[in-house]
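Peer 1: Provided below for reference: sequence and predicted model.
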Amino acid sequence: MPRLDPTRLRLPTGPRADLALAGFVLVLTGVAEGQRLGADGEVAASVAGSWALAVAVCAAWPLHHRHPVAVGWWTALCTGAYYLLSTVDGPLVVVPVAALYALAAQGRIKVSAAMAAVMVIGVGAGALAGTGDVTGTAVFMLTGWLVAVVALGAMRHGRLAYAEEQARLRATEERLRIAREVHDVIGHTMSVIHVQASSALHRMGRNPALAEEALAAVKQSSKEGLRELRATLGVLRQADEEAPTSPSPGLSRLDELVSSATRAGLDVRVERGGVRAPLPTAVDLAAYRIVQESLTNAVRHSGARHVVVALRHGERELTLTVTDDGRGPVRAGHGNGITGMTERARALGGTLRAGAGAAGGFTVRARLPFPDQHATTGGAVHDQDPAGG
């Protein structure tokens, strides 16, 4: 048997539901009041007054979406007056109870608590005045019901607020993820283009052939960058647009990164160890982006000539190291490159350390555990951002 979650309690909404509830309560109240009619003129006048209050309460209920507080107070006060005037325990209290729950579910806890207190006082006054069907026991039970209604409304509000906060956090994480992707793509591509364009300008007069070769590299790098940018931004496209068809970035495209860095003047050597096997998608993408950012920093900031990319495939994790022979760390805080790499490692429960190499230059070391294997989450740290990309 499925379990009932009280925080999921939700009154039917919409104009039809509001009119149906108001009409149902009004009919039942009219039937209850009709039992009091007789020859006594005073009783008839009392019934007329009770009926007018019932109509006032039920007529206001469909307006509670636009004016929740005003309608709530109106229904509570009129219902209290009804129980002071009537000698039967009619069902009119259903309307202010519904208004009470709606207010609490909207987070208006103080207003709903004050309304509940007024309703209890009104019904209690009816008991003290000698209303036949309203006793102290009925007041006590009503108090319990109203407290429960306010509590359920508050619980639902808390649950909805939590769900909205989670949705906001997921949206923020997705924006950050896209920002990192765009940063990595544009940063790497523009770095290579900048180096090659500078080389072409420098060689234009003295060696046109080499200048033409550099411009061809600029063309190829820009083409690759645009292709990858389209794939990255594909998640933001409208549903009726054509989905991106290029493969997701991963270590299978490591040769493209090496070729791009080579065109920018780097001598890149790739070393592999361990048993190569298909990587989880998240690990594959993170490794690709970390290598890409490291090569970008080497091209833009370090003045390096040689770079070694070492990959070791383990049973439960991938370890990668990128070492260059450049000038080493530069002023920290210049950009977001290392920050983006550490966030990628942290998201997988791994670690990343970046800083000066033992023999000079700069070294990035990352440990990327497989998401379905590791049991604990790690932290990603870095000593210094050499470039920030």
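Peer 2: Yes, it's here. Numbers count the residues shown, from 1 in each chain.
Peer 1: Show me what the longest helix along the chain packs onto, helices and strands only.
Peer 2: Longest among the helix segments of the chain by residue count, using DSSP state H, is helix 136-203. When contacts are defined as 3 or more CB pairs under 8 Å, 6 or more residues apart in numbering; DSSP states H and E, helix 136-203 packs onto helix 94-105, helix 109-128, helix 208-232, helix 254-263, helix 281-297, helix 337-347. Quick note: C-beta positions are derived from backbone N, CA and C, even for glycine.
Peer 1: List of residues touching the first one?
Peer 2: Helix 94-105 is contacted from outside by 9-11, 21-22, 25, 57-58, 61, 64, 68-69, 71-72, 75-76, 79, 111-112, 115-116, 119, 145-146, 149-154, 156-157, 160, using CB atoms under 8 Å, 6 or more residues apart in numbering.
Peer 1: now that helix, how far from the centre of its chain.
Peer 2: Relative to the centre of its chain, helix 94-105 is centred 29 Å away, using CA atoms, centre = their mean, to the nearest Å.
Peer 1: what's the angle between that helix and helix 109-128?
Peer 2: If you take axes from the mean of the first three to the mean of the last three CA atoms, to 10 degrees, helix 94-105 sits at 150 degrees to helix 109-128.
Peer 1: What of the fourth one?
Peer 2: Our comparison of helix 254-263 with helix 109-128, counting by the same axes, to 10 degrees, yields an angle of 140 degrees.
Peer 1: Report the rounded mean pLDDT for helix 254-263.
Peer 2: What helix 254-263 shows for mean pLDDT is 85.
Peer 1: for the record, mean pLDDT for the next helix or strand after that helix?
Peer 2: On the C-terminal side of helix 254-263, the nearest following helix or strand under DSSP states H and E is strand 267-274. Across strand 267-274, the average pLDDT comes to 91.
Peer 1: same question, stretch 362-373
Peer 2: 83.
Peer 1: Show me the domain layout of this protein.
Peer 2: Following automatic domain parsing, the chain resolves into domains at 7-166, 247-389.
Peer 1: taking those domains together, which one is wrapped up most tightly?
Peer 2: Burial of these is given as mean neighbour count (mean count of other CB atoms under 10 Å); domain 247-389 ranks first at a mean of 19.
Peer 1: circling back: output the helices and strands packed on helix 136-203 in a markdown table; the columns should cover distance to Val309.
Peer 2: Shown next, in a markdown table, are the helices and strands packed on helix 136-203 (distance: least, CB to CB, whole Å):
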| stretch | distance to Val309 |
| --- | --- |
| helix 94-105 | 56 |
| helix 109-128 | 58 |
| helix 208-232 | 18 |
| helix 254-263 | 8 |
| helix 281-297 | 6 |
| helix 337-347 | 14 |
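Peer 1: ranking these by mean pLDDT, which is last?
Peer 2: When I compare the helices and strands packed on helix 136-203, helix 208-232 is least confident, with a mean of 70.
Peer 1: Run the chain-centre distance for stretch 318-327.
Peer 2: With CA atoms, centre = their mean, you get 35 Å for stretch 318-327.
Peer 1: actually stretch 56-74, not the one I wrote
Peer 2: 34 Å.
Peer 1: Show me what that stretch is in contact with.
Peer 2: 13, 15, 18-19, 21-23, 25-26, 29, 75, 78-79, 82, 92, 95-96, 98-100, 102-103, 106, 108, 111-112, 115.
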